[in-house]
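In: 3D model of this:
(2 chains, ligands or ions: 3)
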Amino acid sequence: MRALCWEGVGKLKVRDVPEPTVRADGDIIVKVRASSVCGSDLHLINGFLPAMREGDILGHEFMGEVVETGPGVRRLAVGDRVVVGSVVACGGCWYCRTEQYSLCDNSNPQPVFTEKLWGHSPAGIIGYSHAAGGYSGSHAEYVRVPFGDIGAFKVPDGVPDDSVVFASDALPTGWMAADFCGLTGGEVVAVWGAGGVGQMAARAAQLLGAERVIMVDRLPQRLAAAANRLGVETINYAETDVLEALREMTAGRGPDACIEAVGMEAHDVGPAYAYDRVKQATRSQLDRPTSVRQAIMAARKGGTVSIVGVYAGFVDKFPLGAAMNKALVLRMGQMHAQRYIPMLLDRLATGEIDPGYLATHPMSLEQGARGYEIFEKKQDGCLRTVLHPA
Amino acid sequence: MMGSNGGRWALLGAATVTAVGVGRAVARRRRRHQPDEQDGWYVVRRGVTVDRPIEAVIGFWTDRERLDRALAEWATLEQIDDEHWRCVAPDTSGAGTEWRAELTVTGPGRLSWRVTDGPEQQGTVALVPAPQGRGTEIRAELRYRSGPVRRALGLAGGHEPDLRLRDTLRRVKSLIECGQVIDTRHDPSGRSRAQERVTDKMRERLSTGGRA
Ligand SMILES: NC(=O)c1ccc[n+]([C@@H]2O[C@H](COP(=O)([O-])OP(=O)(O)OC[C@H]3O[C@@H](n4cnc5c(N)ncnc54)[C@H](O)[C@@H]3O)[C@@H](O)[C@H]2O)c1
Ligand SMILES: [Zn+2]
Ligand SMILES: [Zn+2]
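Out: Residues are numbered from 1 along each chain as shown, chains lettered A, B, ... in the order given. Ligands and ions are numbered 1, 2, ... in the order given. Below is the predicted model of the structure:
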């Protein structure tokens, strides 16, 4: 079959690779119909999340059709149209039982790297390097999904492929980010990063009761998409002092909750950014935490900072003093896909959430490398490139 | 003059103190990473928490089929009588050789084992209820003959008994909790056969030992 492989930092290539086979009772094989790029892939492609190997197949946000099931699969059958959560969860450990799926104890067969780096190993993730289990990704004609009954969900008829594909990752991540904010109604929520994840976080915050959502980014087309599709307010950080603006928009209080959906390759203006870039380029710091710093400084006293942008290592100039003295609540994590997907599919079916507009650049698998380039450089108003291997 | 000389002395002093301090810290770290020693035995204690009540964990040990599956890749088990079992495993450090161990059930949720033919090794396993309804702690204690050099080589080569113990505990936990030990080796990739071999080595390093 054809698959989009990582060939070294910044290099992608479509290759002929063997097809996956059922290896365990709970496995299913999915014929991929839509497989999206994600901001996390950029961290992987650019070598900021370590442990990629030449030849690894990328892709972790996808949907398709079940073409084979292992003998232990109960809930799914050949022919089902399914969306698959990026996070692999066994369904049987304490973390899975308490719906903290991205912390699953048993789904990363190569846990030693992250145990050394972080003290414990979180769940495996499909197509997400050898640190996350070494699973083959979904930018391919077929993909093996372990624990199919736990990780794959039947998709309601009438929701198009290029919309439901985001129920795999961007949407549950955005939802979790808003869920972390503990909204009770009427709050002001600021969201850093107007990519797929940030846009979904903004929508989720609205549905969970936020009265105002303010998005921060520098890309006018993304901010415009958010304003038009979701009716949020926007701040362009390249033109405006974000902290000033947020203080003013909230009459001095600051946002009740700040969602960070940017991640370790955050961009910024000013000298601190140059400093972070140098440190990151020399790998003496893996992460550039500019937006996290800003979110902490902006949050109101006693507010919440919810981080879903991905970080890997240590950060520097972290305003712990501000977080401590303002008594902030910090929440963060990889998303618990399986906890949210069924509820989100219901909301997609009713049209309450419509993530289809994120799929600005549908392409064939063969165009994968170009698709990532457009996505990375945010050319042509790209929110997400969605590959179609079939 | 005095001032700058004094300054230099102070600096040298500080450097020495720091160096000694670092040396001490490193030594302390090393010690922490070395297993205890008792009467010439190395003793390591490892534990894993399984999200199932004790009865279910004992059930696993007495379920022949599942146990065989757990041991599949590295040992066979043969029952001698109610309390005694014999375990035969290939010696991971030497090619083709085998070692045998005898297992004895010493009480409810307790057993001990001793290698009868092979590298000197013995140990115990105890099942303890975990707090907060978190299931069962499988606590294992392993005693083996080794030395710092042999241990270092074993850790580097991936065949140190301590690493094996941790692998085993992780396998057992996974089998009890979700019925399988997940494996991603040889899933599709764009690698050549030579690249795949190198990757396999790396995968092995990333899956050997760990916390357990
Ligand atoms: N926690 C999870 O489970 C999970 C899941 C999916 C993605 N992610 C992470 O979420 C993050 C966003 O993903 P995405 O797909 O939306 O990525 P993306 O690259 O499409 O979007 C990131 C956006 O952040 C903006 N940005 C950069 N620096 C900024 C700054 N200083 N302030 C405000 N905005 C800034 C960029 O202009 C861009 O629009 C990534 O780090 C990704 O790894 C996490
Ligand atoms: Zn993702
Ligand atoms: Zn689990």
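
In: Tell me which helix or strand in the chain has the weakest average pLDDT.
Out: Because you didn't say which chain, this covers chain A. helix A:271-281 (a mean of 75; mean pLDDT, DSSP states H and E).

In: You answered for a different chain; I wanted chain B.
Out: Taking all helices and strands of chain B together, the one with the lowest average confidence (mean pLDDT, DSSP H and E) is helix B:2-33, at a mean of 55.

In: Distance of residue A:253 relative to residue A:326?
Out: 12 Å (Cβ to Cβ, to the nearest Å). In short, each C-beta sits where N, CA and C put it, glycine included.

In: Pick out whichever of the two has more residues nearby.
Out: Each of residue A:253 and residue A:326 has its neighbours counted (other Cβ atoms under 10 Å in any protein chain shown); residue A:326 has more, 17 against 14.

In: nearest spatial neighbour of the more buried one, skipping sequence neighbours?
Out: Taking Cβ to Cβ, 6 or more residues apart in numbering or on different chains, and ignoring the residues beside it in sequence, residue A:326 has residue A:301 as its nearest neighbour in space, at 4.8 Å.

In: picking up where we left off before, could you point out which element follows the least confident helix or strand of chain B?
Out: strand B:36-38 (DSSP states H and E).

In: For that next one, give me every contacting residue.
Out: The list of residues contacting strand B:36-38 from outside it, by Cβ atoms under 8 Å, 6 or more residues apart in numbering or on different chains, reads B:42, B:43, B:44, B:143.

In: In it, which residues are buried?
Out: Applying a neighbour-count criterion of 16 or more other Cβ atoms under 10 Å in any protein chain shown, strand B:36-38 contains no buried positions.

In: Next up, identify which helix or strand the closest residue to residue B:183 other than its chain neighbours is on.
Out: Distance criterion Cβ to Cβ, 6+ apart; nearest residue to residue B:183, sequence neighbours excluded, is residue A:109 at 5.8 Å. Taking DSSP H and E as the criterion, residue A:109 maps to no regular element, lying outside all helices and strands.

In: interface residues of the stretch 101-250 of chain A facing ligand 3?
Out: Within the stretch 101-250 of chain A, the positions near ligand 3 by Cβ under 5 Å from the ion are residue A:104.

In: which parts of the stretch 101-250 of chain A sit against ligand 2?
Out: In this structure, the stretch 101-250 of chain A approaches ligand 2 at residues residue A:169, judged by Cβ under 5 Å from the ion.

In: What count of nearby residues applies to the closest residue to ligand 3 within the stretch 101-250 of chain A?
Out: In the stretch 101-250 of chain A, the residue that lies nearest ligand 3 is residue A:104 (3.2 Å; Cβ to the ion). Using other Cβ under 10 Å, residue A:104 has 29 other residues around it.

In: what stretches of the stretch 101-250 of chain A score poorly on pLDDT?
Out: For the stretch 101-250 of chain A, no stretch is flagged by pLDDT under 70.

In: where does the nearest residue to residue B:192 once chain neighbours are set aside land in three-state SS?
Out: Leaving out its chain neighbours, the residue that sits closest to residue B:192 by Cβ to Cβ, 6+ apart is residue A:55, at 7.7 Å. Using DSSP: H, G, I helix; E, B strand; the rest coil, the structure places residue A:55 in coil.

In: Hmm, residue A:353 and residue A:203 touching each other?
Out: Yes - counting by Cβ atoms under 8 Å, residue A:203 sits close enough to residue A:353 to count as a contact (5.7 Å).

In: Counting neighbours, go ahead and name the busier of these two.
Out: Regarding residue A:203 and residue A:353, a neighbour count based on other Cβ under 10 Å identifies residue A:203 as having more, with 26 against 23.

In: Can you say which helix or strand has the more buried one in it?
Out: Residue A:203 is part of helix A:196-207, with elements assigned from DSSP H and E.

In: Could you list the buried residues of that helix?
Out: For helix A:196-207, a neighbour-count test (16+ other Cβ under 10 Å) marks A:196, A:197, A:198, A:199, A:200, A:201, A:202, A:203, A:204, A:205, A:206 as buried.

In: With stretch A:110-129 instead?
Out: Using 16+ other Cβ under 10 Å as the test for burial, stretch A:110-129 gives A:110-115, A:117, A:121-129.

In: How far off centre is it?
Out: 17 Å (Cα atoms, centre = their mean, to the nearest Å).

In: and that stretch, anywhere near chain B?
Out: Yes - using Cβ under 8 Å from any Cβ of the partner chain as the criterion, contacts between stretch A:110-129 and chain B involve A:110, A:111, A:112, A:113, A:115, A:120, A:121, A:124.

In: can I get those in TSV with secondary structure?
Out: Written out in TSV, the entries for those read as follows (three-state DSSP):
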residue	secondary structure
A:110	coil
A:111	coil
A:112	helix
A:113	helix
A:115	helix
A:120	coil
A:121	coil
A:124	coil
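
In: Quickly name whichever of those residues is closest to ligand 2.
Out: When the residues of stretch A:110-129 next to chain B are ranked by distance to ligand 2 (Cβ to the ion), residue A:124 comes first, at 13.7 Å.

In: residues contacting that closest one?
Out: Contact criterion Cβ under 8 Å, 6+ apart gives A:87, A:88, A:104, A:107, A:108, A:109, A:132, A:133, A:135, B:182, B:184 as the residues in contact with residue A:124.

In: Good, we can wrap up now.
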